[in-house]
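K.L.:
Need coordinates for the following:
(2 chains)
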Amino acid sequence: MNVRAARLRLKTRAFTALAVLTSVGGNFSLSCGVRQAGRLVSLSPLPYVRALFNPWVALGVSLLIVWLLSYMTLLSWADLSYVLPVTSIGYVLSSLAGRVFLHEQISPWRWAGILCIVVGVTLVARTAPYRSGATP
Amino acid sequence: MKWLLVAVIVVATAVAELLQAIAMKRHGEVRDFRPGAIGRLVALLARNKYILISFGALAVSFFAFMALLSVADLSFAAPATAASYVLETVLAKYLLHEHVSPGRWAGASLVACGVAMLSL
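P.N.:
This is a model prediction of the structure:
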């Protein structure tokens, strides 16, 4: 593996980590904030605008903007068929965060699902992130 | 109604991510991460028609997901997102001409199964 490929692999790992952490953190604080803000089923935009002033919602939205930017940056050199499965490790982190912070139960089926995702992500992460032969 | 919403979510998500992938590949590898350069990148992307259409598709998928949650349980809604892993891998191969190796096929299928199982 030459220096350029090694550098790109490192950059891919860093941006994958950033995208995963911001999406998990963003969704988590968004759901905390929405619960505080109350029911959001409304045709008027006002309750949504008011919810934006909730600090948890604001933090969640900011994190999700960082997520979208880092995800798109990742797509500027890595294949979609690489980025898509690899970032799904976020589901695992969300489940574990639910267990640790919200004391949610994880059923045996969910543990099996978590195992499937981890094995799937490992398989995809072992492939080169960008199209073989093409210079990214 | 439920299945119609699932179809809308899966198709809209796939369209959004494909368009983002096309736009970012055309832009080329992002190398400059200084704040000014990131600002210029955002300004450039905000004028890109692929990105704008992809944001429209993302909005459709988001509101369809909210609508689905109001008529179905989360345990029905979550596996709907699992189907998009397989669909998008197929589209990445045929429309983006990505080289999808056996390892990637196996990985994407396992991830789809795993996401579906999370709802059980």
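K.L.:
List the contacts of the helix or strand of chain B with the lowest mean pLDDT.
P.N.:
Within chain B, no helix or strand scores below helix B:74-94, which has a mean of 83 by mean pLDDT, DSSP states H and E. For helix B:74-94, contacts defined as C-beta atoms under 8 Å, 6 or more residues apart in numbering or on different chains pick out A:79-81, A:84-85, A:88, B:2, B:6, B:9-10, B:13-14, B:17-18, B:21, B:65, B:68-69, B:98, B:100, B:104-105, B:108-109, B:111-113, B:115-116, B:118-120. Any C-beta I mention is one placed from the backbone N, CA and C, and that applies to glycine too.
K.L.:
Tell me where the longest helix sits in chain B.
P.N.:
For chain B, the helix with the greatest residue count under DSSP state H is helix B:2-27.
K.L.:
coming back round to it: which among the contacts of helix B:74-94 end up buried?
P.N.:
A:79-81, A:84-85, A:88, B:6, B:9-10, B:13-14, B:17-18, B:21, B:65, B:68, B:98, B:100, B:104-105, B:108-109, B:111-113, B:115-116, B:118-119 (16 or more other C-beta atoms under 10 Å in any protein chain shown).
K.L.:
Please flag which of those sit within helices.
P.N.:
Among the buried ones among the contacts of helix B:74-94, the ones falling in helices (DSSP H) are A:80-81, A:84-85, B:6, B:9-10, B:13-14, B:17-18, B:21, B:65, B:68, B:104-105, B:108-109, B:111-113, B:115-116, B:118.
K.L.:
SS state for the residue located most distally from the centre of chain B?
P.N.:
The centre of chain B is farthest from one residue, residue B:36, which by C-alpha atoms, centre = their mean lies 27.9 Å away. Following DSSP: H, G, I helix; E, B strand; the rest coil, the label given to residue B:36 is helix.
K.L.:
If anything else comes up later, I'll come back, but that's it for now.
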